[in-house]
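Visitor: Quick one: sequence and predicted model below, then my questions.
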Amino acid sequence: MTRTEAPPRTDVPRGLRDQAARYHLLPLRLFLGVTFVYAGLDKLFDPAFLSASGDGSIGDLMRGVRDTSAFPALVDLSLESPVGFAVFLAVAEILVGLGTLVGLLSRTAAIGGALISLSLWFTVSWAVSPYYYGNDLAYLFCWVPLVMAGAPYWSLDALIRRRRRATD
C-alpha cells in the first residue's frame, strides 16, 4: 500500500455473509414490531375485549386465570379496573411495536415488550402445561436480543446517533 492509498474499510459489509451478520436482528424486529402493533390494535378495536365482563372480555379472561397464575395479586390489580387495564395494555403493545419497527428508543421498547411478555407469562400462560406450549415465554426470550443490541441499523436510533456524531 502506498502512502496515498487509504486503508481498506472494515466497517462496510462486503458479501452476503457480512450483510446477514450485520442485519441478523432485523427479521426479529419486524416480527415483534408487527405482532405487537397488531395485538394492540386487535384489543382496541374489539368491543368484547374492552368490557369488564362477558364472553371474550378482559374481565372474564383475568378472572379465569386468577387462581392459576403465578402472581394472583397482579391479576387482582388488573381487575380493579379491567377496561382501563385493557386500554393500557393495548396502547403499551402499540407503542412497543411501533418503537421496535422504526427503531426509536429501541432498547426501551424491547424492555417494555419483555415486561409485557413476562407479565402475561406469569398470569395468562402460567398454567399452560407443558410450559413450552405457552407463547408468552417464547416472546419474552425473543425480546432479549433486542434489549441487548437495540436497533443499530435501519432505525431512527441509528440515524440520531449518526447525526450526533456528525455535529460533535
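Guide: Now that the structure is in, tell me what you want to look at.

Visitor: List the contacts of stretch 36-50.
Guide: 54-58, 83, 86-87, 89-98, 100-101, 113, 116 (C-beta atoms under 8 Å, 6 or more residues apart in numbering). C-beta coordinates here come from the backbone N, C-alpha and C atoms, glycine included.

Visitor: at 10 Å instead, please
Guide: Applying C-beta atoms under 10 Å, 6 or more residues apart in numbering, the contact partners of stretch 36-50 are 54-61, 82-84, 86-87, 89-101, 109, 112-113, 116-117, 139, 143.

Visitor: In contact with residue 157, which residues are there?
Guide: 99, 102-109, 150-151.

Visitor: Going along the chain from the helix or strand of the chain with the lowest mean pLDDT, find the next helix or strand for me.
Guide: Sorting the helices and strands of the chain by mean pLDDT, DSSP states H and E puts helix 16-22 at the bottom, at a mean of 81. Using DSSP states H and E, the next helix or strand after helix 16-22 towards the C-terminus is helix 26-44.

Visitor: okay, that following helix in CSV with CA atoms only?
Guide: The C-alpha trace of helix 26-44 is given here as CSV (Å, rounded to 0.1, in the frame of the first residue of the first chain):
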residue,chain,number,x,y,z
LEU,A,26,-34.0,-7.1,11.5
PRO,A,27,-36.3,-10.1,10.9
LEU,A,28,-36.9,-10.4,14.7
ARG,A,29,-37.6,-6.6,14.9
LEU,A,30,-40.1,-6.8,12.1
PHE,A,31,-41.8,-9.8,13.5
LEU,A,32,-42.1,-8.5,17.1
GLY,A,33,-43.0,-5.0,15.9
VAL,A,34,-45.8,-6.1,13.6
THR,A,35,-47.1,-8.6,16.1
PHE,A,36,-47.3,-6.2,19.0
VAL,A,37,-48.9,-3.4,16.9
TYR,A,38,-51.4,-6.0,15.6
ALA,A,39,-52.1,-7.3,19.1
GLY,A,40,-52.7,-3.8,20.5
LEU,A,41,-54.9,-2.8,17.6
ASP,A,42,-56.8,-6.0,17.9
LYS,A,43,-57.5,-5.3,21.6
LEU,A,44,-58.5,-1.7,21.0
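
Visitor: Need the three-state assignment for residue 162.
Guide: Using DSSP: H, G, I helix; E, B strand; the rest coil, the structure places residue 162 in helix.

Visitor: show me where this protein has helices.
Guide: 16-22, 26-44, 58-65, 72-79, 82-102, 106-123, 135-149, 156-167 (DSSP state H).
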